[in-house]
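> Below: sequence and its predicted model.
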Amino acid sequence: MLAAAPKHHLNRFASSRELADALADTVSDRLRAAISHRGKALIAVSGGTTPGLFFRTLSSRDLDWAKVTVTLVDERFVPASSPRSNAALVAENLLQNNAAAANFAGLYRPTETAEEAASQADDELQALAWPLDVAILGMGGDGHTASFFPDAEGLDRLLDPSSDRTVLPVSAPSAGEPRLTMTLPRLAGAGFVALHIEGNAKRDVLDKALQPGSHLPVRAVFDHSRQPVEIFWAP
Ligand SMILES: O=C1O[C@H](COP(=O)(O)O)[C@@H](O)[C@H](O)[C@H]1O
């Protein structure tokens with residue numbers, strides 16, 4: 001029997017500016033719909049170098065941000081004072097303008113180890129209004145998404161579709177410092193999953209991930225997402 005083709009839809013844009021406008025429109029519509037259906041909305045966003053313009057664009061969209069909780073798909077095990085903190089990136093670029101009224105639930109905790117931080121964040125994030133309404137994923141040139149690095153210790157556990165964990169620690173030689181990641185089922189269970197990537201090099205990696213039998217970590221999202229993954233790409 002042939003394996004199912006990865007579920008996705010490719011949205012191509014001529015520039016980062018056009019992509020940011022379209023993604024902010026789509027995400028703000030999704031957040032408004034969630035607020036109107038269940039009185040609140042939950043969105044998980046990525047860090048890294050790609051999402052800054054999208055964050056700044058989304059921050060000015062008109063919606064009831066006080067009813068929105070923003071969380072992270074992953075985080076470095078560093079405090080918000082670090083330039084590598086994804087929480088700091090979100091605070092400086094997304095939680096501004098209208099979105100300054102949103103609630104933020106980060107993953108970092110000032111514990112001795114990433115394992116302890118993940119365990120605390122896992123407990124505390126249970127209280128959020130799951131499932132995610134929106135998950136915005138990025139992707140590294142090695143095919144990682146969230147902190148599902150190809151060389152992560154225990155990658156199978158991070159990608160276990162039946163995991164009952166929300167947050168797990170990650171140790172991967174290629175990642176630099178230890179990390180915290182949301183698990184695959186929490187991300188794949190979102191009502192809307194977008195993969196935001198820019199540049200031809202990442203498009204090539206994506207094409208590899210979509211090939212039959214690919215083992216790149218990002219592929220697991222396509223295979224398990226409740227909804228077809230919406231790819232937002234610009235050169
Ligand atoms: O380490 C990370 O990398 C990915 C991709 O980042 P980029 O700099 O290539 O855009 C990101 O999605 C993830 O959240 C981040 O922690």
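Ah, there it is.
> all contacts plus neighbour counts: C-alpha atoms, from now on.
Noted.
> On the pLDDT front, check L158 for me.
Looking at L158, its pLDDT is 98.
> ok, now A3?
A3 is assigned a predicted lDDT (pLDDT) of 64.
> Which residues of this protein lie near the ligand?
Residues of the chain lying close to the ligand by C-alpha under 6 Å from any ligand atom are 46-50, 74-75, 137-140, 145-146.
> Most neighbours among those, which one is it?
Neighbour counts for these (other C-alpha atoms under 10 Å) peak at D74, which has 30 neighbours.
> May I see the buried residues of whichever helix in the chain runs longest?
If you go by DSSP state H, the chain has its longest helix at helix 16-38. Neighbour-count burial for helix 16-38, counted by 16 or more other C-alpha atoms under 10 Å, picks out 16, 19-20, 22-24, 27-28, 30-32, 34-35.
> again, but for stretch 189-205
Counting neighbours by 16+ other C-alpha under 10 Å, one finds that the buried residues in stretch 189-205 are 189-198, 202-203, 205.
> That stretch: end-to-end distance?
24 Å (C-alpha to C-alpha, to the nearest Å).
> Check stretch 79-99 too.
22 Å.
> Which positions in it come out as buried?
By 16+ other C-alpha under 10 Å, the buried positions in stretch 79-99 come out as 79-80, 84-91, 93-96, 98-99.
> from those residues, which ones fall inside helices?
Taking DSSP H as the definition of helices, the buried residues of stretch 79-99 contribute 86-91, 93.
> Shouldn't A14 be within a helix?
No - counting by DSSP: H, G, I helix; E, B strand; the rest coil, A14 is not part of a helix but coil.
> neighbours around it, how many?
10.
> And for it, nearest residue in space, chain neighbours not counted?
A234 (5.8 Å; C-alpha to C-alpha, 6 or more residues apart in numbering).
> List the contacts of the one you found.
Contact analysis of A234 by C-alpha atoms under 8 Å, 6 or more residues apart in numbering lists 12-16, 19, 197-199.
> Quick one: the residues you listed as TSV, columns for pLDDT and distance to S60 too.
Shown next, in TSV, are these (pLDDT from 0 to 100; distance: C-alpha to C-alpha, whole Å):
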residue	pLDDT	distance to S60
R12	98	23
F13	98	21
A14	98	22
S15	98	20
S16	98	17
L19	98	16
I197	98	22
E198	98	22
G199	98	25
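> Do you know the pLDDT at the closest residue to V78 other than its chain neighbours?
Sequence neighbours aside, S85 is the residue nearest to V78 in space, at 6.0 Å (criterion: C-alpha to C-alpha, 6+ apart). pLDDT for S85: 98.
> Tell me who's in contact with S85.
75-76, 78-79.
> so which of those comes closest to D156?
Taking C-alpha to C-alpha as the measure, E75 is the one of those closest to D156, at 19.0 Å.
> Tell me if the closest one really is in a strand.
Yes - counting by three-state DSSP, E75 is found in a strand.
> just checking, it touches L107?
Yes - contact criterion C-alpha atoms under 8 Å: E75 and L107 qualify, at 6.3 Å.
> Now the common contact residues for the two.
In terms of C-alpha under 8 Å, 6+ apart, E75 and L107 are both contacted by the residues 180-181.
> Low-confidence regions, the chain specifically.
Applying pLDDT under 70 to the chain flags the ranges 1-3.
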